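Engineer: Just to be clear, the model below is a prediction. Sequence and coordinates:
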Amino acid sequence: MGASINLTATQASPTLTQRMRKAIAMTRRLRGLPLSMQQKQRVVQANILPAALYGVEASHVSRTMLQQLRASIVDV
């Protein structure tokens, strides 16, 4: 449940990469919302991070995507 089998030559899971991209898009949308920093922090912790990191314990994730996610959260 939550894991995918990767049959490509790369080690990074395409499913996790897609989840990371969606989470990065979520942080960009959050950036423009008129919320306090504390409210944005709650959204990141309760929604964005769980959505991005679902399944990472069962598959490899691209280091580049993790760095991009981290950077997009800092920019919120």
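Structural biologist: Arrived safely, thanks for sending. Keep in mind the model is a prediction, meaning the values are calculated, not measured.

Engineer: can I assume residue 47 is in contact with residue 29?
Structural biologist: No. Contact between residue 47 and residue 29 fails when scored by Cβ atoms under 8 Å: they sit 11.2 Å apart. Quick note: C-beta positions are derived from backbone N, CA and C, even for glycine.

Engineer: what about the helices in this protein?
Structural biologist: Using DSSP state H, the helices assigned to the chain run over residues 14-31, 37-43, 49-53, 63-74.

Engineer: Give me the residues contacting the last one.
Structural biologist: Okay, so that is helix 63-74. Identification of contacts with helix 63-74 by Cβ atoms under 8 Å, 6 or more residues apart in numbering yields 12, 16-17, 20-21, 23-24, 27-28, 44, 48-49, 52.

Engineer: Run the chain-centre distance for that helix.
Structural biologist: 8 Å (Cα atoms, centre = their mean, to the nearest Å).

Engineer: same check, this time on the first one
Structural biologist: Averaging C-alpha coordinates over helix 14-31 and over its chain gives two centres that are 5 Å apart (Cα atoms, centre = their mean).

Engineer: quick revisit: what would the helices of the chain look like in a markdown table with mean neighbour count?
Structural biologist: Below are these laid out as a markdown table (neighbours: other Cβ atoms under 10 Å):
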| stretch | mean neighbour count |
| --- | --- |
| helix 14-31 | 17 |
| helix 37-43 | 12 |
| helix 49-53 | 16 |
| helix 63-74 | 15 |
